[in-house]
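# I would like the atomic coordinates for the input below:
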Amino acid sequence: MRIGLLFIFFCVSSCQVPDPQSIPKMSSPEFSSPRPSVLGHSILSDSSGERFQLLEGEELLLEGTLEECEQKLAERLFQRYGEGRPNLPLPTLGGLQLWADVFWRGGWRIQEHVYAGYFRLISPDRVRHAWGTWEECRSAFEGIRISENLPEASERLVIFLHGLGRAGGSFASMQERLEVSGFDVATLVYPSTRRSLDEHAQQLAHLLDRVEGVLEVSFVTHSLGGLVVRTLLARQGDAWRTRLRLGRIVMLAPPSQGSAVAETLKDFMPFEWLAGPSGQDVTASGVEAERIPVPPCEFGVIAGGKNDDRGWNPLLVGDDDGVVTVEETRLPGATDFLLVERAHTFIMRAPEVVEATRNFLLAGIFSKSGE
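Numbering: from 1, shown residues only. Now for the predicted structure:
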């Protein structure tokens, strides 16, 4: 018994009690984070929205006003990561198939180079403001966001996804119409000919994990973009699904059942090189319902054609838009379906398509109520 008591006494007396000043301060449970963390740093708000805390991990760095916490955040990120490598703020030269958007806010975007692996920070007018590592570009953006007091994001975000080999500029008129209707619109860039469907979906998932100030996300897609979104929604365990509400999806000329054109050309070497992995994924054999299921939300399909049994392309069977047949666009479970007399490439610019897309995002139907 005495030996046991001596052992306990020895253990207790040997324990070193830490200096209270050395114990990291922790956040109060009454505070919560309204947006994702920035490089391990979080700004939390109390229920009144008047008191804020800046944390690194679980350690409390500062408690004060929002302006004080944000200024401290910008200073800390700059000290730790800087703002990238020497840079001249010049317009970018394109190369859209070489870049992938991994962050978006109010037209500002951070892009990753497909092959080199470095990042660049681009403003809405496509001027490069920083380049280097992800941390350096993210730190540079946070400094710009705070110093220039960039506006908060809308609670409703619509993401545009272009088709194979395309860019987002073709959505310009539709973007303007949706922004007037109260949506934030992100016209994303993804290297459609350089990566596979799964890689495009992973890129989009990572971007959504970093979206700030948004409560609901919807999608408008063209062609291949429809398969990218379906692949995204088939993924399990993505963090953004617990934080963002899924809105509606409008698919323009999607190869929902796979593309007969791609199936025919899949072994043709120039096609393999030009279309890349996605060109193989979009074949009829590549689009499998088990792998790319129907979206778990309201979605509508707009197909192009001539509204006859011949279509635009004599090499395709039935009505078509020149690239995809009307039947290939159909997807079971669609809330609404619309056929317009338009060709594949510029279907998103047609005024009736712009209006129908807006109507569906607002009300889940292509025509206005009563039409």
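
# from here on, contacts and neighbour counts on C-alpha atoms
Fine.

# Please tell me how far residue 247 sits from residue 145.
Remark: distance between residue 247 and residue 145 (C-alpha to C-alpha, to the nearest Å) = 27 Å.

# again with residue 295
Distance from residue 295 to residue 145, by C-alpha to C-alpha: 34 Å.

# swap in residue 368?
Taking C-alpha to C-alpha, one finds residue 368 at 38 Å from residue 145.

# Surely residue 246 is within a strand?
Yes: under DSSP: H, G, I helix; E, B strand; the rest coil, residue 246 sits within a strand.

# Kindly state the pLDDT recorded for it?
We have a pLDDT of 97 for residue 246.

# ok, it - contacts?
Going by C-alpha atoms under 8 Å, 6 or more residues apart in numbering, residue 246 touches 216-218, 297.

# Show me what it is bridged to.
Beta-bridge pairing of residue 246 under DSSP bridges involves residue 217.

# go on, residue 55?
residue 42, residue 60.

# Who are the packing partners of the lengthiest helix in the chain?
Looking across the chain with DSSP state H, the single longest helix is helix 66-81. Counting contacts by 3 or more C-alpha pairs under 8 Å, 6 or more residues apart in numbering; DSSP states H and E, helix 66-81 packs against strand 41-45, strand 52-56, helix 134-147.

# what's next to that helix, contact-wise?
Outside helix 66-81, the residues touching it (C-alpha under 8 Å, 6+ apart) are 41, 43, 50-54, 62-63, 135-136, 139-140, 142-143, 146.

# so which pair among these is furthest apart in space?
Within the contacts of helix 66-81, 50 and 136 form the most distant pair, 30.3 Å apart (C-alpha to C-alpha).

# And the two? Which one has more around it.
Between residue 50 and residue 136, counting by other C-alpha atoms under 10 Å, residue 136 is the more crowded of the two (22 against 10).

# Okay, strands next: where are they in the stretch 251-371 of the chain?
Secondary structure of the stretch 251-371 of the chain (DSSP state E, counting those that start in this stretch): strands located at 299-304, 336-340.

# want to throw the ones you listed into JSON lines with mean neighbour count and distance to residue 325?
Formatted as JSON lines, the strands of the stretch 251-371 of the chain follow (neighbours: other C-alpha atoms under 10 Å; distance: least, C-alpha to C-alpha, whole Å):
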{"stretch": "strand 299-304", "mean neighbour count": "26", "distance to residue 325": "8"}
{"stretch": "strand 336-340", "mean neighbour count": "16", "distance to residue 325": "11"}
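
# Just the pLDDT for residue 255.
pLDDT, read off for residue 255, is 94.

# Which residues are in contact with it?
Counting by C-alpha under 8 Å, 6+ apart, residue 255 has contacts 223-224, 226-227, 282, 324, 328-329.

# try residue 296
residue 233.

# circling back: turn the helices and strands packed on helix 66-81 into JSON lines, including mean pLDDT and distance to residue 303.
Putting these into JSON lines (pLDDT from 0 to 100; distance: least, C-alpha to C-alpha, whole Å) gives the following:
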{"stretch": "strand 41-45", "mean pLDDT": "91", "distance to residue 303": "44"}
{"stretch": "strand 52-56", "mean pLDDT": "93", "distance to residue 303": "49"}
{"stretch": "helix 134-147", "mean pLDDT": "95", "distance to residue 303": "39"}
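
# To residue 243, which of these lies closest?
The nearest among these, by C-alpha to C-alpha, is strand 41-45 at 15.7 Å.

# Show me what the closest one is packed up against.
strand 52-56, helix 66-81.

# JSON lines for these, including mean neighbour count and distance to residue 262?
Shown next, in JSON lines, are the helices and strands packed on strand 41-45 (neighbours: other C-alpha under 10 Å; distance: least, C-alpha to C-alpha, whole Å):
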{"stretch": "strand 52-56", "mean neighbour count": "23", "distance to residue 262": "49"}
{"stretch": "helix 66-81", "mean neighbour count": "17", "distance to residue 262": "45"}
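
# Which among those is found nearest to residue 174?
That would be helix 66-81 among the helices and strands packed on strand 41-45, by C-alpha to C-alpha, at 34.6 Å.

# Need the mean per-residue confidence for the closest one.
Rounded mean pLDDT across helix 66-81 is 94.
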